[in-house]
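Trainee: Structure for this input, please:
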Amino acid sequence: MAQAPQTSRADGPAPVRPVKLEKPEIDIERRPDGTMLIRSRYPLDPYPDRITDRLVHWARMTPDRTFMAARDANGEWRHITYAQALQYAKCIGQALLSRKLSAERPVAILSGNDLEHAMLALGCLYVGIPYAPISPAYSLISSDFGKLRYIVDLLTPGMVFACDGQQYAKAIDAIIPDDVELVFTRNPIAGRKSISFDHLAAAIPTDAAEDAHDKVGPDTIAKFLFTSGSTGMPKGVINTQRMWCSNQIMVRSALQYLQDEPPTILDWAPWHHTAGGNHDVGLVLYNGGTFYIDEGKPLPGAIEHTVRNLKDVACTWYFNVPKGYEALLPFFRADEQLRRNFFSRLKVLWYAGAAIAQHVYDEYQQLALQTVGQRILFLTGLGSTETAPFAMSRMWESVHGVNMGLPARGSTLKLVPSGDKLEARFKGPHITPGYWRQPDLTAKAFDEEGFYKIGDALKFEDEGNPIQGLLFDGRIAEDFKLGTGTWVSVGPLRAAFISHFAPYVRDVVIGGADRDYIGVIVIPDVESLRAFASDLPKTAPAADVLDHPGVKHKFRELLASFAKASTGSSNRVMRAILLAEPPSLDVGEITDKGSINQRAVLSHRKAMVDEMYADPPSARVIAIDKKA
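Mentor: Residues are numbered from 1 along each chain as shown. The predicted structure is shown next:
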């Protein structure tokens, strides 16, 4: 048995805000072939048969507490209490039952996070009719609707909801069959069979709704969540009631302060992803908290909405992606009132999707110290759509932003030797039974012992002291060999490159398979680079900025310093091309959540890769001497 240090206080001079967290203890089973099984020594506490049991509980115990709130058209907060949410669930559930919807004819939700989306989802959950929240990007950004068409054909929905009929009209007319009933909050599409959300919610519940609720059990499908299609078309991940409920007990056991203090959160994470729709919504619903829907996003022109909302809402738990935290920093620097409200009740900062950059981490701690006299723990974990998503977590500080922690209670981690890496696999009640109507993909996703193959590699931070946690060691499928036979670990190299080039790089695609050295395609932060092209107009196109000698000189300097810090050809980048046009959603270069599909970019832009490796290099290739 190994034991971790208590994490609710700091070892150094700067105090950490006290917070009740799990102090992990683990057992490790080592097999002769090098495989390891890692488990928490704590048993998983009992969990309910259905997530709506918690809605019923809180509607009875705290009927007037706000469950969800969102700004209305006038910018005022509109609140729905737990009692009102339960009534919505019963009424909408009754309406859905009368239409004989089922797993074979589920509800598809095309639009993003709003109160109507949430209440429709509760209605589905209450009576055991699955629903599928689908990325709005597939309807609003895609030009060919290829992924939306694929999903609709796979689902065969019996009802489709969108907040605004006119906004989604083009996609609906192109993809949704005429006989499928449509539900809109506003602006119905002329000539299409539809009803309003208010009409759906006005149904009078009967005993049938309660009978249906009683029949919902652990194996009932709660929802279908579609992966973002980073390796092809999206896969429909079956999410059962058991997955969701057991996963929330795992979260509650790790973040133990939730047991004493119902969370207040402001959150933008999209509900068609497991992080937002399962983890964050579930965290609030299971623990009787309050969820403020943030219409902002970590993008220029949208982050301002988040700032406005953070002035109103004092969170006790806050989630963002690393780029989101970075985007908020200028506002926190400039506005003391914003800082005071943000840090006033905050117990945990949570990030996911990538490692938090050191300069971002440091500045948040400095701001917290200046504002409230205490640092705030920055925590994270690892999981996927197939793991509900909470599979492992870090409940302590680490100098490594990629330290993912240890397996959650009830989640068994299997580490399997794969070359010079350890491939991670998971088993437990939080794991999906498979992919909807795709038995071949389901079979490939699990090993002979029933462990789900997540595709990530992990390694111990300290092999002599495993309780210090496991570091993310890249995606197994992304790693490649140079022509010299040297392995390149894409995940760690990508994180190191982005950190070194911050704030001038949004993302990077690592190339070099079967080549003599590594070259990269850079997705730059054009606005931050304009300072090196100050003689250009402020409205100069991205291509002109990236072609400017000052910008190229800056990147060549950074490339040289990055190479000097490298340890060999496996992490030394010799050439780069700055990408002027954004990666394409339609050809799979970028997922709907904004992450880069490395293989798709390299495949789609083969000519650019060949140009990068040509000798002599073209004018747009930034190269350093191979002896650097």
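Trainee: Which residue would you name as the spatial centre of this structure?
Mentor: Centroid-nearest residue in the chain, with C-alpha atoms, centre = their mean: residue 275, separated by 4.7 Å.
Trainee: My read is that residue 611 contacts residue 577, right?
Mentor: Yes: in this structure, residue 611 is within contact of residue 577 by C-beta atoms under 8 Å, at 7.2 Å. Backbone N, C-alpha and C define where each C-beta goes, glycine included.
Trainee: Out of the two, name the residue with the larger neighbour count.
Mentor: Taking other C-beta atoms under 10 Å, residue 611 and residue 577 do not tie; residue 577 has more neighbours (23 against 16).
Trainee: Tell me how far the more buried one lies from residue 501.
Mentor: Using C-beta to C-beta, to the nearest Å, residue 577 is found at 14 Å from residue 501.
Trainee: where do the contact lists of the two overlap?
Mentor: residue 522 (C-beta atoms under 8 Å, 6 or more residues apart in numbering).
Trainee: what ranges do the strands span in the stretch 51-200 of the chain?
Mentor: 66-71, 77-81, 107-109, 131-133, 159-164, 181-186, 194-196 (DSSP state E, counting those that start in this stretch).
Trainee: Dump those to TSV, plus mean pLDDT, distance to residue 561 and mean neighbour count.
Mentor: Below are the strands of the stretch 51-200 of the chain laid out as TSV (pLDDT from 0 to 100; distance: least, C-beta to C-beta, whole Å; neighbours: other C-beta atoms under 10 Å):
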stretch	mean pLDDT	distance to residue 561	mean neighbour count
strand 66-71	98	45	21
strand 77-81	98	48	17
strand 107-109	98	47	25
strand 131-133	98	44	25
strand 159-164	98	48	24
strand 181-186	98	52	20
strand 194-196	97	59	16
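Trainee: what's the closest of these to residue 283?
Mentor: With C-beta to C-beta as the measure, strand 66-71 is the member of these nearest residue 283 (12.5 Å).
Trainee: Contacts for the host helix or strand of residue 423, please.
Mentor: Element membership for residue 423 (DSSP states H and E) is strand 421-427. Identification of contacts with strand 421-427 by C-beta under 8 Å, 6+ apart yields 36, 382, 387, 391, 407, 411-417, 447, 449-459, 473-474, 476, 479, 489.
Trainee: filter the residues you listed to the buried ones?
Mentor: By neighbour count, with 16 or more other C-beta atoms under 10 Å, the contacts of strand 421-427 hold 36, 382, 387, 391, 407, 411-416, 451-459, 473-474, 476, 479, 489 as buried.
Trainee: Give me the subset of those residues lying in strands.
Mentor: Among the buried ones among the contacts of strand 421-427, DSSP state E puts 36, 382, 407, 412-416, 452-459, 473-474 in strands.
Trainee: which stretch among the strands of the stretch 51-200 of the chain comes nearest residue 523?
Mentor: Across the strands of the stretch 51-200 of the chain, residue 523 has its closest neighbour in strand 131-133 (26.9 Å, C-beta to C-beta).
Trainee: how far does the closest one sit from the chain's center?
Mentor: Relative to its chain's centre, strand 131-133 lies at 17 Å (C-alpha atoms, centre = their mean, to the nearest Å).
Trainee: do stretch 312-320 as well
Mentor: With C-alpha atoms, centre = their mean as the basis, stretch 312-320 stands 17 Å off its chain's centre.
Trainee: May I have the distance across it, first residue to last?
Mentor: With C-alpha to C-alpha, to the nearest Å as the measure, the ends of stretch 312-320 fall 17 Å from one another.
Trainee: Other residues contacting that stretch?
Mentor: If you take C-beta under 8 Å, 6+ apart as the criterion, stretch 312-320 is touched by 77, 255, 257-258, 261, 263-267, 269, 275, 280, 283, 289, 292, 298, 328, 341-342, 344-352.
Trainee: Give me the number of neighbouring residues for residue 214.
Mentor: Number of residues near residue 214 (other C-beta under 10 Å) recorded here: 11.
Trainee: Please apply the same query to residue 302.
Mentor: Residue 302 has 14 neighbours, counted by other C-beta under 10 Å.
Trainee: Common neighbours of residue 611 and residue 577, please.
Mentor: The contact lists of residue 611 and residue 577 share 620, 621, where a contact means C-beta under 8 Å, 6+ apart.
Trainee: now the strands of the stretch 51-200 of the chain in JSON lines, with distance to residue 334?
Mentor: Listed next are the strands of the stretch 51-200 of the chain as JSON lines, based on distance: least, C-beta to C-beta, whole Å:
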{"stretch": "strand 66-71", "distance to residue 334": "23"}
{"stretch": "strand 77-81", "distance to residue 334": "24"}
{"stretch": "strand 107-109", "distance to residue 334": "37"}
{"stretch": "strand 131-133", "distance to residue 334": "35"}
{"stretch": "strand 159-164", "distance to residue 334": "33"}
{"stretch": "strand 181-186", "distance to residue 334": "36"}
{"stretch": "strand 194-196", "distance to residue 334": "43"}
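Trainee: Quick one, which of the ones you listed gets closest to residue 222.
Mentor: Closest among those, once you apply C-beta to C-beta, is strand 131-133, at 8.2 Å.
Trainee: Flag every buried residue along the following helix or strand past the strand holding residue 423.
Mentor: Reading on from strand 421-427 to the C-terminus, the next helix or strand found by DSSP H and E is helix 439-445. The neighbour-count check on helix 439-445 (16+ other C-beta under 10 Å) flags 442, 445 as buried.
Trainee: So for residue 361, which of the strands of the stretch 51-200 of the chain sits nearest?
Mentor: Residue 361 sits nearest to strand 66-71 of all the strands of the stretch 51-200 of the chain, at 30.0 Å, using C-beta to C-beta.
Trainee: What strands line up against the closest one, and which way round?
Mentor: In the sheet, strand 66-71 lines up against strand 77-81 (antiparallel), strand 290-293 (parallel) (DSSP bridges).
Trainee: ok, and what's touching the longest one?
Mentor: What it means is strand 77-81. Contact partners of strand 77-81, identified using C-beta under 8 Å, 6+ apart, comprise 63-72, 88, 115, 118-119, 292, 312.
Trainee: in its sheet, what does the strand holding residue 423 sit against?
Mentor: Assessed with DSSP bridges, strand 421-427 is paired to strand 412-418 (antiparallel), strand 452-460 (antiparallel).
Trainee: Including mean pLDDT, could those go into CSV?
Mentor: Below are the strands paired with strand 421-427 laid out as CSV (pLDDT from 0 to 100):
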stretch, mean pLDDT
strand 412-418, 96
strand 452-460, 95
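Trainee: I'd like those strands as TSV, with distance to residue 130 appended.
Mentor: Formatted as TSV, the strands paired with strand 421-427 follow (distance: least, C-beta to C-beta, whole Å):
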stretch	distance to residue 130
strand 412-418	27
strand 452-460	20
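Trainee: quick one: which of those is nearest residue 556?
Mentor: Among the strands paired with strand 421-427, the nearest to residue 556 by C-beta to C-beta is strand 452-460 (31.9 Å).
Trainee: helices and strands of the protein: which one has the lowest mean pLDDT?
Mentor: Every helix and strand of the chain was ranked by mean pLDDT, DSSP states H and E. The lowest is strand 2-3, at a mean of 36.
Trainee: after that one comes which helix or strand?
Mentor: Remark: after strand 2-3, the chain's next helix or strand is strand 25-30, criterion DSSP H and E.
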